[in-house]
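J.: what would the 3D arrangement of this be:
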Amino acid sequence: TITVNSPTICSGTSAVLTGSGGTSYSWSDGETTNPITVNPATTTSYTLTGTDANGCTNSAVATVTVNPLPTVTVNSSASSAICAGDLATLTASGASTYSWSDGETTNPISVNPVATTTYTVTVSNSGSCSSTDVVTVIVYPLPFVAARGRTTINIGDSTPLLGGGNDNNITWTERGGGSTLSCYNCNNPFVNPLENTTYTVTTIDTNGCVNSSSVFIEVTQESALYIPNAFTPDGDGLNDTFYAKGYGIKEVHMMVFNRWGQKIFETE
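T.: Numbering: from 1, shown residues only. Alright, predicted model coming up:
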């Protein structure tokens, strides 16, 4: 007789065949030891011929059934590379049940790793045979950017902003104060908002990762004074009168001198 410890195995595994009833044995695969370990690629029948002490022989046959492994593949919707904070969708195929290394059993799954991570999926069909595959999701860090500047200014004043990022890939936007940026693609623009305004700087790196930062500037109206540096008294109605203007002004004492330092005008 032949005893098989695993009559049904998965491809790539082995079974142990043990003969009994004789004093010597000869297997159909050429082995003469007992027991033997077999690793068939497909379902295979093994014949054992046993001989007793009297020289009498008899034979028995045992079959080892081999179930194929499921073919598994896993793909990433993000081409295996994402920017920090983004999601990647991992999709496996080739089986009916799935088990992921992060504990998920659904398919597909969405992952949000904070660093480069390798995910393993184990799949199986209705039988006990299983296969595994891996996919590595590369995580690119976000580019550095930090919007900074004075957080409070008086109306009429200007202040610089600092983007703190890559000069070649910087874009500023503003919300609340109109078009007050001296430039939109430089690291250090000047602004003179007339009302409370939020300025946001955005940068993108060579991996396509985008990051942004914002600074809120509060505009106070404690005082304002504007004195023009020229005027054109030609009667056309434009800039004909020279005067200091603004608000929060209690009193004005103005003197005008010519290029030789002689006072030519004074008013209260």
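J.: surely G164 touches P143?
T.: No: between G164 and P143 there is no contact under Cβ atoms under 8 Å: 10.6 Å. The way it works is simple: take the backbone N, C-alpha and C, and place the C-beta from them, glycine included.
J.: tell me which of these two has more neighbours.
T.: Using other Cβ atoms under 10 Å as the criterion, G164 and P143 rank with P143 on top: 19 against 16.
J.: how many neighbours does the nearest residue to the more buried one once chain neighbours are set aside have?
T.: Leaving aside its sequence neighbours, P143 sits nearest to D205 (Cβ to Cβ, 6 or more residues apart in numbering; 4.1 Å). D205 has 18 neighbours, counted by other Cβ under 10 Å.
J.: also the one 5 residues further on?
T.: With neighbours defined by other Cβ under 10 Å, the count for V210 comes to 16.
J.: same question for Y140.
T.: Neighbours around Y140, by other Cβ under 10 Å: 16.
J.: show me the contacts for it.
T.: A81, I82, C83, A84, D205, N207, C209 (Cβ atoms under 8 Å, 6 or more residues apart in numbering).
J.: 6 Å - rerun?
T.: Y140 sits next to C83, N207, C209 when contact means Cβ atoms under 6 Å, 6 or more residues apart in numbering.
J.: again, but for C209
T.: C83, Y140, L142, P143.
J.: tell me which of the contacts of Y140 fall in strands.
T.: Here DSSP state E is the test, and these give C83 as lying in strands.
J.: which among the contacts of Y140 gets closest to V215?
T.: C209 (21.3 Å; Cβ to Cβ).
J.: so for the closest one, what's the nearest residue that isn't a sequence neighbour?
T.: According to Cβ to Cβ, 6+ apart, the nearest residue to C209 is C83 (3.6 Å).
J.: partner residues bridging that neighbour?
T.: Under the criterion DSSP bridges, C83 forms beta bridges with Y140.
J.: roughly how far does S76 sit from Y199?
T.: 36 Å (Cβ to Cβ, to the nearest Å).
J.: with neighbour numbers in mind, choose between the two.
T.: Taking neighbours as other Cβ under 10 Å, S76 and Y199 compare with Y199 leading, 24 against 19.
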